[in-house]
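Participant: one predicted model, sequence on top.
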Amino acid sequence: MTTAKRKQSYRDRAAYMREWRKNISYYENHKRELLKKYRNKWIAITNQEVLDVDKDRLALYDRVLKTIGDKPLFVTEVREKPRMYRVPFSALGIRRPAAA
């Protein structure tokens, strides 16, 4: 890969991440109204607007990805407090150091 191509792809990636962060900011700034309308449902946000909604996260992903392709997308469950998941290190392929 040439230097010019590397720089171009980096700029595209940086632009993608900026747009993705704008979608997250949209969610955070509109959370109260989104909670009233979509509580406990999954929403897909692109271009700082709700594109689609579903109770099934995977069904939502399938529909939305067919519609928007690789545009920046933020998908989240609309909840008062985010769910917390406990994942053991072993499930992530991380090993604890042996005791000395």
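Facilitator: Thanks, I have it. Numbers count the residues shown, from 1 in each chain.
Participant: for the residue nearest to residue 54 when sequence neighbours are not counted, give its distance to residue 68.
Facilitator: Leaving aside its chain neighbours, residue 54 sits nearest to residue 60 (3.9 Å; criterion: C-beta to C-beta, 6 or more residues apart in numbering). C-beta: built from backbone N, CA, C; applies to glycine. Counting by C-beta to C-beta, to the nearest Å, the gap from residue 60 to residue 68 is 12 Å.
Participant: look at the two and report which has more neighbours.
Facilitator: Under the neighbour definition other C-beta atoms under 10 Å, residue 60 and residue 68 were set side by side, and residue 60 has more, 19 against 15.
Participant: so who does that one touch?
Facilitator: The contact partners of residue 60, by C-beta atoms under 8 Å, 6 or more residues apart in numbering, come to 42-44, 52-54, 75.
Participant: tell me the centre residue of this structure?
Facilitator: The centroid of the chain falls nearest to residue 74 when counting by C-alpha atoms, centre = their mean (3.6 Å).
Participant: just the element for residue 22, please.
Facilitator: helix 3-29 (DSSP states H and E).
Participant: what's the closest non-adjacent residue to residue 68?
Facilitator: residue 46 (5.7 Å).
Participant: okay, and the beta partners of that neighbour?
Facilitator: Note on residue 46: beta-bridge partners residue 49, judged by DSSP bridges.
Participant: and the next element down the chain from the least confident helix or strand in the chain by mean pLDDT?
Facilitator: Ranked by mean pLDDT, DSSP states H and E, the helix or strand of the chain with the weakest confidence is helix 3-29, at a mean of 79. Sequence-wise, the next helix or strand downstream of helix 3-29 (DSSP H and E) is helix 31-38.
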